[in-house]
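Peer 1: Have a look at this fold, sequence not included:
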């Protein structure tokens, strides 16, 4: 039976970044995605989830909910958490021309997310928590996501 939406829920621990990456890779390969697209989505999701673990939950226990959905030739990734609200889309782009010693620490994660994904949006609801949605147009996609 073919499905077009999959969900994963993990504890907010850095060790679970590999579980998330494996989940994304398997689902996208079944969807017929190119390895370049898979690597880019894995990078963007890894950056987002690492930020949730380190900043939204700040070492406290919490849950990260991940949803993957194939809509036509687009892969939509939803990441939800109940940590501290923070709009990652408000982070200014890094000054890549500045001397390494003068660059601000951090801020590259959001830059990478925006660079490799076609759309990045954020919302917060006091009852539902944080939600980061990223969209990636898959260049070679000729099937729907199958059970992972």
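Peer 2: Happy to help now that I have it. Remember, predicted model here, so these are calculated numbers, not experimental data. Numbers count the residues shown, from 1 in each chain.
Peer 1: Hmm, residue 81 and residue 65 touching each other?
Peer 2: Yes: with contact defined as CB atoms under 8 Å, residue 65 reaches residue 81; the gap is 7.3 Å. All C-beta atoms are positioned from the backbone trio N, CA, C, and that covers glycine.
Peer 1: Give me the distance between the helix or strand of the chain with the lowest mean pLDDT and the centre of its chain.
Peer 2: Of all helical and strand segments in the chain, the minimum by mean pLDDT, DSSP states H and E falls on helix 108-116, at a mean of 79. The gap between the average C-alpha position of helix 108-116 and the chain average comes to 10 Å, counting by CA atoms, centre = their mean, to the nearest Å.
Peer 1: Check stretch 119-139 too.
Peer 2: From the chain centre to the centre of stretch 119-139 is a distance of 9 Å (CA atoms, centre = their mean).
Peer 1: for the record, mean pLDDT for that stretch?
Peer 2: Mean pLDDT, computed over stretch 119-139, is 93.
Peer 1: residue boundaries of the strands in the chain?
Peer 2: 5-11, 63-71, 74-81, 119-125, 129-137 (DSSP state E).
Peer 1: For residue 65 and residue 81, indicate the residue with more neighbours.
Peer 2: residue 81 (24 against 15; other CB atoms under 10 Å).
Peer 1: and the more buried one, bridged to which residues?
Peer 2: With DSSP bridges applied, residue 81 shows beta-bridge pairing to residue 64, residue 130.
Peer 1: Pull the contacting residues for it.
Peer 2: 12, 52, 56, 57, 62, 63, 64, 65, 129, 130 (CB atoms under 8 Å, 6 or more residues apart in numbering).
Peer 1: Turn the residues you listed into TSV, columns for distance to residue 40.
Peer 2: Putting those into TSV (distance: CB to CB, whole Å) gives the following:
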residue	distance to residue 40
12	23
52	19
56	23
57	25
62	26
63	25
64	20
65	21
129	26
130	22
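Peer 1: Neighbour-wise, which one of these leads?
Peer 2: Ranked by neighbour count (other CB under 10 Å), those have residue 64 at the top, with 26 neighbours.
Peer 1: give the contact list for that one.
Peer 2: Residues counted as contacts of residue 64 (CB under 8 Å, 6+ apart) are 9, 10, 11, 12, 16, 20, 49, 52, 53, 79, 80, 81.
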